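K.L.:
following is a predicted model, sequence given first.
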Amino acid sequence: MNLQVTNLSKSFYHSPVFQSFSLKMESGEKIGLSGPNGSGKTTLLKMISGIMSIDSGKIRIGENDVNPDEPDTRKNLYYLGHSVGLYPGLTGYENLTFISGLYGKMNPNISNVLIKVRLDSAHDKLVKFYSQGMLQRLKLATAIILDPDILLLDEPLTGLDVDGIKLFESVIVEWNELRKTMIIVSHNSDWLRTNTDRIIELKQC
Amino acid sequence: MPFFNHRNNLIHAAIAIVLSAINIYIVLSLEPPNLAQGIFGNIFYIHVPVAWTAFLLYLGVMISGVLFLTKKNKVWDHRGLAFAEVGTIFMFLVLTTGPIWAKPAWGIFWPWEPRLTTSLILFLIFLGYFMLREFGGNPEQVSRYAAVVGILAFLDVPLIFLSVKFWLPEMQSHPQVGQYFDSANPLPTYFLIFSFLSLLVVSSLMIRLRTNILSVKEAN
Amino acid sequence: MFIFGLSITLIFALAFQVAPMLIRTFAPGLLWVVILFTSVLGLNRLFSLEREEHAMWSWTSAPVDRGTVYISKVISALLFVLMSEILFIVPFFIFLNLPANFSFFQFALILFLGTGAIVSVGCLISGITLQAGLRDVLIPILLFPSASPVAIAATKCTGSLFDQKPMTEWNFWLLILGSFFVIFGMFGYLVFNRIVEE
């Protein structure tokens, strides 16, 4: 599914973060997003995912403009943020059940996915007791279950050990074969160069 | 101040000053309908138009809030804040002139009269509005929150007024208020209308000035 | 919330001991003061789960109608506050030595509409103050004046009920409560979207 951002503007504390920013992505394309702290990488992903409002401009996913009042425009994407974005008082399994219900995924095979990301032993553990690496794996599990056409991955390798990174790279290969559109934020330029089609460097306004 | 460098704004200010001067002169020279109240009776000529203006300004906050939420244009946020600030100043005047008039007229400072009570409640909501503006979080989010509170406050007005009106039936509008609208002497009514219109000119100048200051501050 | 309501009831009982007959006159107002204060406690905690670790991103980025989330918060807050009310109302009547010779159905209706009205505007205010620094202070500052029609109408209904007046004499106040509940419920549903966006 293609993604188009047109003339996007956004300010924080009266300072512009984006001024007339535009981006066009074809279906199945993988873009790396890099830049210094405060350049707006996370902000861009949050605006596309609907978590953050935009001041002006347009975001188009497929044939539809993203509109906060129309929830359906968010059904084909998933934002994997670097904050937890999950309920700490629920277990990993419960969080996945809850989120897959929000996306209308009936009978998702949660147990199998937890095995795939090697979190089956933490099945009944509350998320607040998860390590950083376990949280990243759980978020990866969410993305696998939801199976969206567009994936917005914000520093997805944070906290992952060597096995975790290999797992993640193998999942990206699977997503690539399924022609999923991806935007990946990372400070590791070498990794981005190897794993994405092109890199966009954001600069501070 | 750059705002007054523009001819139209200077003319607006001049008209506001002239009308205010005429207003003050008439308030001080017109005979109060009830001579027993002395000069305090004429405070009514300030109180009523100021109250009408205050409510109109709070309606302006609501309209600005709706337009800001739908159009997402920052100008409406600035206008909403300007309406709120000027409206609250006017509402403060209502709450001070009301008791000053009420004591000689009705014998008590605070009669829990429906309109005065509604004014007090709205004033308190808007004090909360300003606290939200100051401590609510990042300015872009706060603009939206403030718009919602502005709309909420004015949506509440009919419910507040109806509740207070029937809450203490013995505290209806005091009959002495009617003396100001005695049809045999239309002068007080004409003066109230003149006073209201002149206050609209003054308040609109204040709002335009404040909106300009906010827009310039944002641009810088 | 139940313990808080009980504590306030105790304070009222101690404060009014010197004039027990006065309590019968003030009881409807005292009851709604307790309910308002207890509601504030509940509203302070309403979005606490979502604030932790940005858990709300799970549904703000999901294809769900955010207004429905607001309605679900109103329902859950209403249930919690009503449950606390059920628990502290019996001690309220016992400690203040109030007679209970009125229709329980009508009393339940007043509690439901009054609490619903408080909670409908309260959930909106709780959402607005989600990111605020002085959240604990801002909620009561915004809620109490906004909910003043509820305080008046609910006290009038309760007072008339305690005086065993027929419902036809106080159904106007029930209408105020119901209107407040509906108007602010609908308003909250419409604007909640704008409130939860970052």
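P.N.:
Sure, I can see it.

K.L.:
mind checking which helix or strand residue A:57 is in?
P.N.:
Element membership of residue A:57 [criterion: DSSP states H and E] is strand A:56-61.

K.L.:
run through who's touching that strand.
P.N.:
Contacts of strand A:56-61 from elsewhere in the structure, counted by Cβ atoms under 8 Å, 6 or more residues apart in numbering or on different chains, are A:1-9, A:18, A:20-21, A:47-48, A:65-66, A:73, A:76-77, A:150, B:72. C-betas here are computed from N, CA, C, even on glycine.

K.L.:
so of these, which ones are in helices?
P.N.:
Among those, the members falling in helices are A:47, A:48 (criterion: DSSP state H).

K.L.:
backbone torsions only: list them for residue C:179.
P.N.:
Main-chain dihedrals, residue C:179, degrees, to the nearest 10: phi -60, psi -40.

K.L.:
separation between it and residue C:114?
P.N.:
Summarising the geometry, the distance separating residue C:179 from residue C:114, computed by Cβ to Cβ, to the nearest Å, is 12 Å.

K.L.:
looking at these two, which has the bigger crowd around it?
P.N.:
Higher neighbour count among residue C:179 and residue C:114: residue C:114, with 31 against 17, using other Cβ atoms under 10 Å in any protein chain shown.

K.L.:
would you mind measuring from the closest residue to the more buried one other than its chain neighbours to residue A:42?
P.N.:
With sequence-adjacent residues excluded and distances taken as Cβ to Cβ, 6 or more residues apart in numbering or on different chains, residue C:114 is closest to residue C:154, at 3.7 Å. Applying Cβ to Cβ, one obtains 46 Å for the distance of residue C:154 from residue A:42.

K.L.:
between the two, which one's more packed in?
P.N.:
For residue C:154 and residue A:42, the more surrounded residue by other Cβ under 10 Å is residue C:154, and the numbers stand at 29 against 21.

K.L.:
quick check: pLDDT value at the more buried one.
P.N.:
Predicted confidence (pLDDT) for residue C:154: 95.

K.L.:
and for the one 4 residues further on?
P.N.:
The predicted local confidence for residue C:158 comes out at a pLDDT of 95.

K.L.:
again with the one 5 residues further on
P.N.:
pLDDT recorded at residue C:163 is 91.

K.L.:
can you pull the residues of chain B lying near chain A?
P.N.:
Contact residues of chain B with respect to chain A, defined by Cβ under 8 Å from any Cβ of the partner chain, are listed as B:72, B:138, B:139, B:140, B:144, B:218.

K.L.:
and the strands in chain A?
P.N.:
Using DSSP state E, the strands found in chain A span residues A:3-12, A:15-25, A:30-34, A:56-61, A:64-65, A:77-80, A:150-154, A:181-185, A:198-201.

K.L.:
sorry, back to before: nearest to chain C, of the residues of chain B next to chain A?
P.N.:
residue B:144 (5.1 Å; Cβ to the nearest Cβ).

K.L.:
which element is residue B:147 on?
P.N.:
helix B:139-167.

K.L.:
list the buried residues of that helix.
P.N.:
By 16 or more other Cβ atoms under 10 Å in any protein chain shown, the buried positions in helix B:139-167 come out as B:140-157, B:159-167.

K.L.:
same list, those residues, but only the ones touching chain C.
P.N.:
Among the buried residues of helix B:139-167, the residues that sit close to chain C (Cβ under 8 Å from any Cβ) are B:141, B:144-145, B:147-149, B:151-153, B:155-156, B:159-160, B:162-164, B:166-167.

K.L.:
follow-up on the earlier one: the residue nearest to residue C:114 contacts residue C:32, doesn't it?
P.N.:
Yes: taking Cβ atoms under 8 Å as the contact criterion, residue C:154 and residue C:32 are neighbours in contact, 5.0 Å apart.

K.L.:
touching both of the two, which residues are there?
P.N.:
Counting by Cβ under 8 Å, 6+ apart, the residues touching both residue C:154 and residue C:32 are residue C:114.

K.L.:
run a quick neighbour tally on residue A:105.
P.N.:
In terms of burial, residue A:105 registers 16 neighbours under the definition other Cβ under 10 Å.

K.L.:
quick check: closest non-adjacent residue to residue A:179.
P.N.:
Once flanking residues are discounted, residue A:179 sits nearest to residue A:28: 3.5 Å by Cβ to Cβ, 6+ apart.

K.L.:
how close does the one you found sit to chain C?
P.N.:
According to Cβ to the nearest Cβ, to the nearest Å, residue A:28 and chain C sit 22 Å apart.

K.L.:
same question, residue B:79
P.N.:
Here residue B:79 is placed at a distance of 18 Å from chain C (Cβ to the nearest Cβ).

K.L.:
residue B:204 is in contact with that residue, correct?
P.N.:
No: with contacts counted by Cβ under 8 Å, residue B:79 stays clear of residue B:204, the gap being 11.2 Å.

K.L.:
where does chain C have low pLDDT?
P.N.:
Segments of chain C classed as low confidence (criterion: pLDDT under 70) are C:18-20.

K.L.:
around chain B, pick out the residues from it.
P.N.:
Taking Cβ under 8 Å from any Cβ, the part of chain C that reaches chain B is made up of C:121, C:124, C:128-129, C:131-134, C:137-138, C:141-142, C:144-146, C:148-149, C:152-153, C:156, C:172, C:176, C:179-180, C:183-184, C:187, C:191, C:194-195, C:197-198.
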